[in-house]
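J.: Fold the following, please.
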Amino acid sequence: MANNRSVTRVGRQPYATRSHLAKPVKTPGGRLHSQKIVKKTKGPRCSDCKCALPGIKHLKKSVYQNLKKRERTVSRAYGGSACANCVKTRVMRAFLLEEHKAVKKLLAERGSK
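T.: Modelled structure (predicted):
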């Protein structure tokens, strides 16, 4: 973009900063226009292990409110906030805790007899 002078930048700011990048694009009419490059984000992260959530687009927070609900989440428990492995370990931990409580209660009943 810097060495090609036949293209004017989009907007009023003439500087190529991190948030104001542009690339030249040829129109169907054969003219060169400058197209704004939008910065990519890290995307939504898992609340437990901080890994990227698969199945959800990496967009800016302001863009998510215009998306459909099926594009913002995954159809699972903790769909848009935790990854599948963390949900699996949460469910397993809760199940094992309940089992442990039941076994303790059963042993206490047998011991009191």
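J.: alpha carbons only for contacts and neighbour counts from here, please
T.: Fine.
J.: contacting residues for Ala82?
T.: Contacts for Ala82 (CA atoms under 8 Å, 6 or more residues apart in numbering) come out as Arg45, Cys46, Ser47, Asp48, Leu53.
J.: What's the local residue count around the last one?
T.: Which is Leu53. 21 (other CA atoms under 10 Å).
J.: And Gly80, by the same measure?
T.: So Gly80, with other CA under 10 Å, has 20 neighbours.
J.: quick check, nearest of the contacts of Ala82 to Arg70?
T.: Nearest to Arg70 among the contacts of Ala82 is Leu53, at 14.1 Å by CA to CA.
J.: My guess is that closest one contacts Ser47. True?
T.: No. The criterion here is CA atoms under 8 Å, and Leu53 misses it with Ser47 at 9.7 Å.
J.: Between these two, which contacts overlap?
T.: With CA under 8 Å, 6+ apart, Leu53 and Ser47 have common neighbours Ser81, Ala82.
J.: circling back: now for the contacts of Ala82: which two are most distant?
T.: Asp48 and Leu53 (11.2 Å).
J.: Make sure Phe95 is indeed in a helix.
T.: Yes. The assignment for Phe95, made by DSSP: H, G, I helix; E, B strand; the rest coil, places it in a helix.
J.: Perfect, that will be all.
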